[in-house]
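Visitor: could you look at this predicted model? Sequence included:
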Amino acid sequence: MQTRAFSFHHETRTTLRTTVHAAFEHLDDFKKLSAHMEQPSAMMLGSQMQVVTDEGRGRVVGSRVRMSGKVMGIPLSLEEVVTEREPPHRKAWETVDARLLVIGQYRLGFELEPRAGACGLRVFIDYDWPTGAMARCAAALFANSYARWCTERMAGDAEKHFAALDSAGRQT
């Protein structure tokens, strides 16, 4: 159930070589799903974020996840709360506090659907621009690229994970 409307949307779709149950188990883990945020990247200008979960580890509705870091010396932080969790098909979370440079408040999530011998994955982000004149200028230039990068990284990381498994489910 969506709790609010956002101004912008981006999504990435792919097919994973696994079942919806295995895909959900993997994607339900915020440490795996957000691994791209904990690694330096060009999109983060060489910076990274630290991901911390509460005792629910982001695996129950109401669970909270916090990220913090710096980009070019500017402190960034956010707090998200899991708003939907319908194993093995859907999960979504929203920011309750976001101090970011190119996007503001957002809803992020994924949906899975069974396919013959595989499953379809849709990773989506609905977002607003941040407030403040400088941040809105940065958003006008970079928000869409950042949203695309975020959903593509989550989908691509899941693809790579399952492509690396052999038919018995072991790492190759």
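Guide: Okay, I see it. Note that the structure is predicted; figures quoted are calculated from it, not measured.
Visitor: show me the shaky parts of this structure.
Guide: 1-3, 35-48, 166-172 (pLDDT under 70).
Visitor: pull out the buried residues from the longest helix seen in the chain.
Guide: Secondary structure of the chain read by DSSP state H shows that its longest helix is helix 133-163. By neighbour count on 16 or more other CB atoms under 10 Å, the buried set for helix 133-163 is 135, 138-139, 143, 146-147, 149-155, 157-158, 161-162. Heads up, the C-betas are built off the backbone N, CA and C, glycines and all.
Visitor: what helices or strands is that helix leaning on?
Guide: strand 8-16, helix 20-27, helix 30-33, strand 118-127 (3 or more CB pairs under 8 Å, 6 or more residues apart in numbering; DSSP states H and E).
Visitor: let me know which of the ones you listed is tucked in deepest.
Guide: strand 118-127 (a mean of 20; mean count of other CB atoms under 10 Å).
Visitor: neighbouring strands of the top strand by length along the chain in the sheet, and parallel or not?
Guide: Counting by DSSP state E, the longest strand found in the chain is strand 74-86. When pairing is defined by DSSP bridges, strand 74-86 lines up against strand 64-71 (antiparallel), strand 90-99 (antiparallel).
Visitor: just checking, residue 94 touches residue 105?
Guide: Yes - applying CB atoms under 8 Å as the test, residue 94 and residue 105 come out as touching, 7.2 Å apart.
Visitor: between the helices and strands packed on helix 133-163, which gets nearest to residue 66?
Guide: Among the helices and strands packed on helix 133-163, helix 30-33 comes nearest to residue 66, with 10.3 Å by CB to CB.
Visitor: could you point out which element follows the closest one?
Guide: strand 49-53 (DSSP states H and E).
Visitor: just to revisit the earlier point, make TSV out of the helices and strands packed on helix 133-163 and add distance to residue 61.
Guide: Formatted as TSV, the helices and strands packed on helix 133-163 follow (distance: least, CB to CB, whole Å):
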stretch	distance to residue 61
strand 8-16	22
helix 20-27	15
helix 30-33	14
strand 118-127	18
